[in-house]
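K.L.:
sequence first, then the predicted structure:
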Amino acid sequence: MKIETLQLQNFRKFEDFTFRFHPQFTILIGENGFGKTTILESVRLCLYGPLSLGLRTKRSDYEAYLKGKIHRNKNDIQEKKSASVGLEFTYAKRGEKTIYYAQRTWYVNGKS
């Protein structure tokens, strides 16, 4: 599997972000707080959903986790109520390449 593009909407520190991975290699370099872990976390979340937190994660814990990942900005007039992570990747099987796009989107609805 080769990751091509990562798209983040209101995920942690990123309001609207598209990251294109280099075709040969990608190295994430940056100071603390610049989003390196957020990028890796979003890939894991997109691919594994609730399993990204472990096999024994309760639904309520997963929902709280997702709610906590929605971008917050003290200057926003209205609090954001949704977020998403999208991943485009190429998968090769028996020499045949296929491009896939996976996306997870969540919304805050009341307390859940």
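P.N.:
Everything's here; your move.
K.L.:
which helices and strands does the top helix by length along the chain pack with?
P.N.:
Selection of the longest helix in the chain by residue count, based on DSSP state H, yields helix 36-48. Judged by 3 or more C-beta pairs under 8 Å, 6 or more residues apart in numbering; DSSP states H and E, helix 36-48 is in contact with strand 2-11, strand 82-93, strand 96-107. Where you see a C-beta, it was placed from the backbone N, CA and C, and this is true even at glycine.
K.L.:
now the angle from the following helix or strand past the shortest one to strand 82-93?
P.N.:
Along the chain past strand 2-11, the next helix or strand (assigned with DSSP states H and E) turns out to be strand 14-20. Strand 14-20 and strand 82-93 meet at an angle of 10 degrees, taking axes from the mean of the first three to the mean of the last three C-alpha atoms, to 10 degrees as the criterion.
K.L.:
neighbours of Leu55, how many?
P.N.:
6 (other C-beta atoms under 10 Å).
K.L.:
so who does it touch?
P.N.:
Counting by C-beta atoms under 8 Å, 6 or more residues apart in numbering, Leu55 touches no other residue.
K.L.:
per-residue confidence at it?
P.N.:
Here, the pLDDT recorded for Leu55 equals 91.
K.L.:
what residue ranges in this protein score low on pLDDT?
P.N.:
In the predicted model, the chain carries pLDDT under 70 at residues 111-112.
K.L.:
centroid residue for the protein?
P.N.:
Ser42 (2.6 Å; C-alpha atoms, centre = their mean).
K.L.:
just give the closest residue to it, not the sequence neighbours.
P.N.:
Val85 (4.4 Å; C-beta to C-beta, 6 or more residues apart in numbering).
K.L.:
if we can go back for a sec, contacts for the helix or strand that the longest helix of the chain is followed by?
P.N.:
Later in the chain than helix 36-48, the nearest helix or strand by DSSP H and E is helix 59-68. The contact list for helix 59-68 (C-beta under 8 Å, 6+ apart) reads 50, 53, 83, 106, 108, 112.
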